[in-house]
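>>> mind folding the following:
(one chain, ligands or ions: 1)
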Amino acid sequence: MGRAYCQVGVATFTLNAVNIGTFPLGEADRIVVLFSRERGLHRAVAKGARKPGSKMAGKSEPLTINRYLLAQGKSLDIVTQCETLESFPMLRRDLERLTYALYFAELSQVFGQELSEDAANYFEKLSLAIGFMADGEKAPALQCLEFELLVLGMLGLSPELTFCVGCRETAVDRNIAAFNYELGGVVCQNCLKRLRKGENEHGQVPMVAEVQAREGRLVSVFLTPMVWRQLILAKTASQASADLQNLGEAEDFASSSGGFTREDGQAATRLAQALRLMLGYIEYKSGRRMRSLEVLSTL
Ligand SMILES: [Zn+2]
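This is a model prediction of the structure:
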């Protein structure tokens, strides 16, 4: 679109896309994994991108937003032109924030196919989230939790936090017991006992027991009222951002409705627990081990 690139017999097209990953190809080329506004998840070859001094090298870095001109190839399309729209230099000076942003890219790869159904919307959300992470105005872990919840919402996997997924009783501080990955929500004390029995005896709740046996993982994880509240706050903020089309406004909303500040040590612990819980849920639902955040434990 708009560019005069013409070679007889070769169809070209433009994509505005976030680079969400790269793989080496052959001696000097790179496969770039893109999430584009126009087509969602898309792979293409960046020829010569691994040659020293190649002008494609910097442009094909993950988390860069580019406007690509692609030539349709037999199996993979070829990048013929690439104009960088955003490279987020601030992000690359803060390893913690960079790690979270790379996790956003990993999420985009893992769920890219499903998210492509709403490509333009997700492209906006992802671009905003990376930019917001780069700006550094908000605790990165909290922003990460909100982004996870936004992605889960778009996938139709939003965790149920208002009532028990076992008996439908309203969730309150005194009856909350756990979060169940298979059922995707909170479970009360009674239901947890029932589920655990089923999980152990492979009888009462066969589906959960089967999954647990197959995956070798816990399906229900304990949930404290404080972590539950943290999840509700983050989910509310992520829904607000989905409605407002603007993560900045959502942040204002979250802080006005009692969001935690970075200085609050207890809040940091709750946040870490909530993040771990949602990471487990995402890994469970995707059947994939998410790797990006592992770096954080070494910082
Ligand atoms: Zn229940």
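>>> now for the host helix or strand of Phe35, which elements pack on it?
Using DSSP states H and E, Phe35 sits within strand 29-36. Helices and strands touching strand 29-36, by 3 or more C-beta pairs under 8 Å, 6 or more residues apart in numbering; DSSP states H and E, are strand 12-25, strand 40-46, helix 112-115, helix 119-135. Backbone N, C-alpha and C define where each C-beta goes, glycine included.
>>> in this structure Asn175 contacts Gln189, no?
Yes. Between Asn175 and Gln189 there is a contact under C-beta atoms under 8 Å: 5.6 Å.
>>> could you pull out the buried residues of the biggest helix by length in the chain?
Longest helix in the chain, counting residues (DSSP state H): helix 265-286. For helix 265-286, the neighbour count (16 or more other C-beta atoms under 10 Å) marks 267-268, 270-271, 273-275, 277-285 as buried.
>>> look at Gly136 and say how many residues are nearby.
Residues lying near Gly136 (other C-beta atoms under 10 Å) number 15.
>>> any idea how far Leu152 is from it?
Distance of Gly136 to Leu152, given as C-beta to C-beta, to the nearest Å: 24 Å.
>>> distance from the longest helix of the chain to the middle of the chain?
Mean C-alpha position of helix 265-286 versus that of the full chain (C-alpha atoms, centre = their mean, to the nearest Å) differs by 13 Å.
>>> so what does that helix touch, helix or strand wise?
helix 140-154, helix 225-244.
>>> nearest to the ion, out of these?
Of all the helices and strands packed on helix 265-286, it is helix 225-244 that lies closest to the ion, at 13.9 Å by C-beta to the ion.
>>> what residues sit buried inside that closest one?
By neighbour count on 16+ other C-beta under 10 Å, the buried set for helix 225-244 is 227-242.
>>> let me know the angle separating it from helix 119-135.
Angle of helix 225-244 versus helix 119-135, following axes from the mean of the first three to the mean of the last three C-alpha atoms, to 10 degrees, is 120 degrees.
>>> quick one on the thing from earlier: which of Asn175 and Gln189 has more neighbours?
Legend: neighbour count by other C-beta under 10 Å for Asn175 and Gln189, higher for Asn175 (18 against 13).
>>> quick check: bridge partners of the closest residue to that one other than its chain neighbours?
Nearest-residue entry for Asn175: Cys188, 4.4 Å, with adjacent residues in sequence omitted and distances by C-beta to C-beta, 6 or more residues apart in numbering. Taking DSSP bridges as the rule, Cys188 bridges to Ile176.
>>> next one, pLDDT for Cys188 please.
Per-residue pLDDT puts Cys188 at 95.
>>> if I look at it, how far off is Ala274?
Distance of Cys188 to Ala274, given as C-beta to C-beta: 19 Å.
>>> quick one: the residue lying closest to Tyr284 once chain neighbours are set aside from the ion, how far?
Leaving aside its sequence neighbours, Tyr284 sits nearest to Tyr181 (C-beta to C-beta, 6+ apart; 4.0 Å). Per C-beta to the ion, to the nearest Å, Tyr181 is found 16 Å from the ion.
>>> Lys47 and Asp29 touch, don't they?
Yes. Look at Lys47 against Asp29 with C-beta under 8 Å: they come within range, at 5.2 Å.
>>> not counting its neighbours along the chain, what's nearest Gly21?
Distances taken as C-beta to C-beta, 6+ apart place Val33 nearest to Gly21, at 4.0 Å, with adjacent residues excluded.
>>> near the ion, which residues of the stretch 51-200 of the chain? Just list them.
Cys164, Gly166, Cys167, Cys188, Cys191 (C-beta under 5 Å from the ion).
>>> again, only using 8 Å
Residues of the stretch 51-200 of the chain lying near the ion by C-beta under 8 Å from the ion: 164-169, 175, 187-192.
>>> measure Phe35 to the ion for me?
Per C-beta to the ion, Phe35 is found 38 Å from the ion.
>>> for the protein, name the helix or strand with the lowest mean pLDDT.
Across the helices and strands of the chain, mean pLDDT, DSSP states H and E gives its lowest value to helix 247-256, namely a mean of 47.
>>> Asp135 - nearest residue in space that isn't next to it in sequence?
Nearest residue to Asp135 in three dimensions, chain neighbours excluded: Met90, at 7.2 Å (C-beta to C-beta, 6+ apart).
>>> my read is that that neighbour contacts Glu137, right?
No. Between Met90 and Glu137 there is no contact under C-beta under 8 Å: 11.1 Å.
>>> of the two, which one has the most company?
Looking at Met90 and Glu137 with other C-beta under 10 Å, you find the greater number of neighbours at Met90, namely 14 against 10.
>>> could you measure from that one over to Ala17?
From Met90 over to Ala17 the distance is 21 Å, taken as C-beta to C-beta.
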